[in-house]
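Colleague: Next comes the sequence, and after it the predicted model I'd like to discuss.
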Amino acid sequence: MFVNRKGNQKKGGKKRRLFLWCILLVLLSLAPISYLNWSYITVLAASMHDSLFNRSYFSVREILVRGVKKVGGDEIVVMAGLSQGMNIWDIDPEMIEKKVRKHPWVKRVLVRRELPGRVIIEVEERVVKGIVMLEKLYYVDSEGFVFKEVEKGRKIDWPLLTGLRQVDLASQAGSTRQRIREALRLSELVARSFLAVSEIHFRKQGGLVLYPIDYRIPIRMGWGDWRGKVERLERVLAVWKGRENHLDALNLAFRDRVVVIVRRNRG
């Protein structure tokens, strides 16, 4: 849906030059070659060019914004600096894309002109996959990109990611984003299998700890081999079904095994 726009900025200028050459060719075809006055023809062609490109026929009459749910279409139009009545040839699609991409909910954007008077803005919004907890709460998408503070009063329906440091997130470092992506992938694997997760904790010593909604126990997952670990976790919980209150913690950080920690009797 979205393509690399490198070089597209020149297309508008190329179209105008091509149109000017077409005008010159038409004039040349109408005049005997022996009577050509190049200076006159050039001026006439430029005049015709200005007349055609500046007339109301090329004024913007329709601005379409597609793909938005979290962001209002009017908000995107304002960010783009567009308005009806402006000349469509004065619009720089690449510049508009740079402006619109600054919106926190916008992941990708493509702007195109449809002659004579329509501008289309195609937007791909970010999809929330988790909430990062620092001093405040922030949305994070499937690519591990932390992009917006959660508004007060908003309902949180995504796993809470804790244990991350502000200094790591401030630079949006690739390694930090990769760790977040892995944590979200683990959460989705568990959720698809059998278990909803309320919190994913990043341990200082390394590895992840899951806190499920239905079980009040920490589940240490270590790092990597998520699919195999999820399968082992499912088997262990099936064995302990009906006796979950006896469990104190589970540890899957070891290879090919699960360590079950049982609550001590208190009396």
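Modeller: Ah, there it is.
Colleague: separation between the closest residue to L164 other than its chain neighbours and T162?
Modeller: Counting by C-beta to C-beta, 6 or more residues apart in numbering, L164 lies nearest to F202, which is 5.6 Å off, once chain neighbours are set aside. All C-beta spots, glycine's among them, are computed from the backbone N, C-alpha and C. Relative to T162, F202 is positioned 7 Å away (C-beta to C-beta, to the nearest Å).
Colleague: Specify which residue of those two has the higher count of neighbours.
Modeller: For F202 versus T162, the count of surrounding residues by other C-beta atoms under 10 Å is larger for F202: 19 against 15.
Colleague: my guess is that one meets L169, correct?
Modeller: No. If you go by C-beta atoms under 8 Å, F202 and L169 don't touch, sitting 11.3 Å apart.
Colleague: contact partners of the helix or strand encompassing K229?
Modeller: Using DSSP states H and E, K229 maps to helix 226-239. The contact list for helix 226-239 (C-beta atoms under 8 Å, 6 or more residues apart in numbering) reads 182, 185-186, 189-190, 193-195, 215, 219, 221-222, 244, 250, 252, 256-258, 260.
Colleague: Going by the annotation, which residue ranges form each domain of the protein?
Modeller: 8-125, 128-262 (automatic domain parsing).
Colleague: and these, which one's lowest on average pLDDT?
Modeller: Confidence, taken as mean pLDDT, is least for domain 8-125 of the domains of the chain (a mean of 78).
Colleague: On the three-state scheme, H201 is what?
Modeller: The local conformation at H201, judged by DSSP: H, G, I helix; E, B strand; the rest coil, is strand.
Colleague: Kindly report the same for K148.
Modeller: Assigned by three-state DSSP, the conformation of K148 is strand.
Colleague: how about it, what does it touch?
Modeller: Counting by C-beta under 8 Å, 6+ apart, K148 makes contact with P104, W105, Y138, Y139.
Colleague: would you list every one of the strands in this structure?
Modeller: Taking DSSP state E as the criterion, the chain carries its strands at 62-66, 106-114, 118-125, 128-133, 137-141, 146-149, 160-162, 197-202, 208-212, 219-222, 247-251, 259-262.
Colleague: Touching the third one from outside, list them.
Modeller: Here strand 118-125 makes contact (C-beta under 8 Å, 6+ apart) with 1-2, 60-71, 76-77, 80, 82, 88, 91, 96, 100, 105-114.
Colleague: what number of residues lie near R108?
Modeller: 16.
Colleague: Would you quantify the distance from it to Y57?
Modeller: 32 Å.
Colleague: now do G242
Modeller: Taking C-beta to C-beta, one finds G242 at 76 Å from Y57.
Colleague: And the two? Which one has more around it.
Modeller: A direct count of neighbours by other C-beta under 10 Å for G242 and Y57 places Y57 higher, at 11 against 6.
Colleague: can I assume the more buried one is in contact with P116?
Modeller: Yes. The criterion here is C-beta under 8 Å, and Y57 meets it with P116 at 5.4 Å.
Colleague: Could you count how many residues lie near L110?
Modeller: By the criterion of other C-beta under 10 Å, L110 has 20 neighbours.
Colleague: can you check I120 too?
Modeller: By the measure other C-beta under 10 Å, the count of residues near I120 is 15.
Colleague: quick check: angle from the helix holding K229 to strand 247-251?
Modeller: 160 degrees (axes from the mean of the first three to the mean of the last three C-alpha atoms, to 10 degrees).
Colleague: Which parts of the stretch 1-150 of the chain are helices?
Modeller: Secondary structure of the stretch 1-150 of the chain by DSSP state H, counting those that start in this stretch: the helices cover 11-30, 38-53, 73-80, 93-100.
Colleague: Report the separation between R185 and R232.
Modeller: 17 Å.
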